[in-house]
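**Q** test case, fold it:
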Amino acid sequence: MTQPSVPAGYTVVRVGYGSLLLHRRAIAVAAGLAVVLAVAAVVSLSVGESYVSPTEVVHVLLGQPSPDELVVGTLRLPRLVTGLLVGAAFGVSGALIQSVARNSLASPDVIGVTHGAGAATVTAMTFGLTSYSVLPYVSVVGGLGAAALVYVLAWRGGLHAARFVLVGIGVSIALGSLTRLFLTKGDYLVAQQAKVWLTGSLNGRGYDQAAPLALTVAVLVPALLWAAHAQRMVSLDDSTATALGVRLGPVQLGLTALGVVLASVATGAAGPVDFVALLAPQIAHRLTRTAQLPLLSSALTGATIVVVADLLARRLFSPVELPVGVLTAAIGAPYLMWLIARTRRGRQGT
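**A** The predicted structure follows:
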């Protein structure tokens, strides 16, 4: 019996009785991103009010005795771990939602997910709930509620990509107005705390915030493996999917729910760190040149963006520390405007 041909650029890896078809360029890009992320993490742990040599940082990470254990392992590492997980979660979430919407403009912060999480959190703060151990769960509820509202309003016998994005933008504006209302009506000190949270910040974040996110990612690993395969289905148009017997509705709902959960938990951990979910999948896609948005490379790209942005936020205007969301917004907003202009030019040219 003849063996099926392997597509150009792919390699087959045997796993037990089965096999995996892997994109060679995507593997190389993921390895390169992992190296860049590791270097950025070591630099982030080295730089601060007191400098620690990269050698000592590596010793602490490997569990070896070091005089800098307190600075690196206790003070800086929890914040770095939170940033890594937040960036990775936003990167994967953006890739999933953009795949469902078939639109590079779609992301959790554009279609209302992070705005829903933010509105729920600010509302909770206004009524006296300010515990950072509880707020992440409030954010998840708000993000899921906003996503459910967008999905219901956008569904008309199917999930049309443009309608999904436009409804999401409308819900985002409404939720933003609700957030500002509670900020003006609440206690001044609580309002200031909420404003810092709304910009997205890793200041004061540690394992208490990272633990729910890490647990969520670990539980969702099987679902993410399914999502990597299901992305191929949502790239089909409705007529082709119907002809092949694929039910797009449940697949789209599953991918959307997965992306929403990741974005909501990440928002609960660090606040709405804008534009990471928008940028990371597109950067990863351009690097890998794969047919679908690559989940692993999107996760690594998102983690790298957050770690580097947090490092710059801490050191650019030292001793003043900026929220990490300020840096990501400064990068993401011009990119979004460029992407919109590029999309309009492409439509006018057709």
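**Q** surely K185 touches F127?
**A** No. At 10.6 Å, K185 and F127 do not qualify as touching, with contact defined as CB atoms under 8 Å. For every residue, glycine as well, the C-beta is placed using N, CA and C.
**Q** identify the contacts common to those two.
**A** By CB atoms under 8 Å, 6 or more residues apart in numbering, K185 and F127 have no common neighbours.
**Q** touching, G332 and Q282? I think so.
**A** No. G332 is not in contact with Q282 according to CB under 8 Å; the separation is 10.5 Å.
**Q** who has more neighbours out of those two?
**A** G332 (23 against 20; other CB atoms under 10 Å).
**Q** residues contacting that one?
**A** Here G332 is in contact with 274-276, 278-279 (criterion: CB under 8 Å, 6+ apart).
**Q** okay if I get those residues as a markdown table plus neighbour count, pLDDT and distance to R25?
**A** Converted to a markdown table, those look like this (neighbours: other CB atoms under 10 Å; pLDDT from 0 to 100; distance: CB to CB, whole Å):
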| residue | neighbour count | pLDDT | distance to R25 |
| --- | --- | --- | --- |
| D274 | 27 | 84 | 29 |
| F275 | 27 | 87 | 26 |
| V276 | 36 | 92 | 23 |
| L278 | 26 | 89 | 23 |
| L279 | 24 | 90 | 20 |
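**Q** in this protein, which spans are strands?
**A** Assigned by DSSP state E, the chain shows strands spanning 10-15, 18-23.
**Q** now the last one: average pLDDT?
**A** Right, the one you point to is strand 18-23. For strand 18-23, the mean per-residue pLDDT is 63.
**Q** got it, and stretch 226-242?
**A** Stretch 226-242 shows a mean pLDDT of 76.
**Q** could you do stretch 106-121 as well?
**A** 83.
**Q** CA atoms only for that stretch - export them in PDB, please.
**A** Only the C-alpha atoms of stretch 106-121 are listed here, as PDB (Å, rounded to 0.1, in the frame of the first residue of the first chain):
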ATOM      1  CA  ALA A 106     -10.800  40.500  16.600                       C
ATOM      2  CA  SER A 107      -9.400  40.000  20.100                       C
ATOM      3  CA  PRO A 108     -10.700  39.800  23.600                       C
ATOM      4  CA  ASP A 109     -10.100  43.500  24.200                       C
ATOM      5  CA  VAL A 110     -11.900  44.400  21.000                       C
ATOM      6  CA  ILE A 111     -15.000  42.200  21.300                       C
ATOM      7  CA  GLY A 112     -15.800  43.000  24.900                       C
ATOM      8  CA  VAL A 113     -14.300  40.200  26.900                       C
ATOM      9  CA  THR A 114     -11.800  42.200  28.800                       C
ATOM     10  CA  HIS A 115     -14.300  45.100  29.100                       C
ATOM     11  CA  GLY A 116     -16.800  42.700  30.700                       C
ATOM     12  CA  ALA A 117     -14.100  41.500  33.100                       C
ATOM     13  CA  GLY A 118     -13.200  45.100  33.900                       C
ATOM     14  CA  ALA A 119     -16.800  46.200  34.400                       C
ATOM     15  CA  ALA A 120     -17.500  43.300  36.800                       C
ATOM     16  CA  THR A 121     -14.300  44.000  38.800                       C
END
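**Q** what ranges of the protein fall below the confidence cut-off?
**A** The model of the chain has pLDDT under 70 over residues 1-10, 12-21, 130-133, 157-159, 161, 186, 236-246, 339-340, 342-350.
**Q** residues contacting the residue positioned nearest the centre of it?
**A** Central residue of the chain (CA atoms, centre = their mean): F90, 0.5 Å from the mean position. Contact analysis of F90 by CB under 8 Å, 6+ apart lists 108, 262-263, 266, 273, 276-277, 280, 302, 306.
**Q** can you tell me how far it is from W155?
**A** Per CB to CB, to the nearest Å, F90 is found 25 Å from W155.
**Q** appreciated, that's everything.
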